[in-house]
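S.K.: My questions concern the predicted model and sequence given below.
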Amino acid sequence: MVGKANDKLDNIDAKILHLIQSDAGLSVSDISEEVGLSSSPCWRRIKRMEELGIIKSRVTLLDRKTLGLDFEVFVAVKLSLPNRTNMEKFEQAVARMPEVVQCAVVTGAVDFMLRVVTTDMHAYESFLREVLLSIDLVSDVQSRIVMRQSKHTTAVPLNLISNAVPRY
């Protein structure tokens, strides 16, 4: 779908995407003014990109630190027998864990990389012992505590698909 949806984007679409991934709360009027369109054509472009699946959703980003959820851990998980059934079972279990904010199937020495967010070391230890390690499929877990984030973004690199978005 990437190639197909990408082929249907022009520079104005890319500018719209850049604006709304920076601030989903912008009004159509604000966006249209910024990209040089009237509101109706701008709204139609946004709707088209939603229908194409380019725009998945519009969300509000919360400040984890202000909420007391500033303990973050990257967790490498190896399954005892990484076959399709076990991987699906593990993914289903992870989907029910609110502390896991990201789960990726990876190549290499481990099968999954998780990004876990919680309140502190004690809460993480409890999650690790009582939740993650209680899954019989898990054979090894390696935790990497995040000391500080030097970059965090939810934006995708639109400059790779359009000249309309600046590289730097």
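M.R.: Structure received. Computed from a predicted model, the values in this text were never measured in an experiment.

S.K.: Assign E50 to helix, strand or coil.
M.R.: Assigned with DSSP: H, G, I helix; E, B strand; the rest coil, E50 falls in the helix class.

S.K.: Now do it, the pLDDT please.
M.R.: In the predicted model, E50 carries a pLDDT score of 95.

S.K.: Would you mark the buried spots in the helix or strand hosting M87?
M.R.: The secondary structure element spanning M87 is helix 84-95 (assigned by DSSP states H and E). Within helix 84-95, the residues that count as buried by 16 or more other CB atoms under 10 Å are N86, M87, F90, A93, V94. All C-beta atoms are positioned from the backbone trio N, CA, C, and that covers glycine.

S.K.: In space, what's closest to the most far-flung residue of the chain relative to its centre - neighbours in sequence excluded?
M.R.: Within the chain, S38 marks the point farthest from the mean C-alpha position, 31.4 Å out by CA atoms, centre = their mean. In space, not counting the residues next to it along the chain, S38 is nearest to S32; the distance is 6.0 Å by CB to CB, 6 or more residues apart in numbering.

S.K.: I145 now?
M.R.: Nearest to I145 is V73, by CB to CB, 6+ apart, at 5.3 Å.

S.K.: in its sheet, what does the helix or strand hosting that neighbour sit against?
M.R.: Here V73, judged by DSSP H and E, is contained in strand 71-79. The pairing partners recorded for strand 71-79 under DSSP bridges are strand 112-118 (antiparallel), strand 138-145 (antiparallel).

S.K.: ranking those by burial, who's on top?
M.R.: strand 112-118 (a mean of 20; mean count of other CB atoms under 10 Å).

S.K.: Walk me through the domains of this protein.
M.R.: For the chain, whose domains are defined here by automatic domain parsing, the residue ranges read 2-60, 71-145.

S.K.: With respect to V156, which of those domains lies nearest?
M.R.: Taking CB to CB, domain 2-60 is the member of those nearest to V156, at 7.0 Å.
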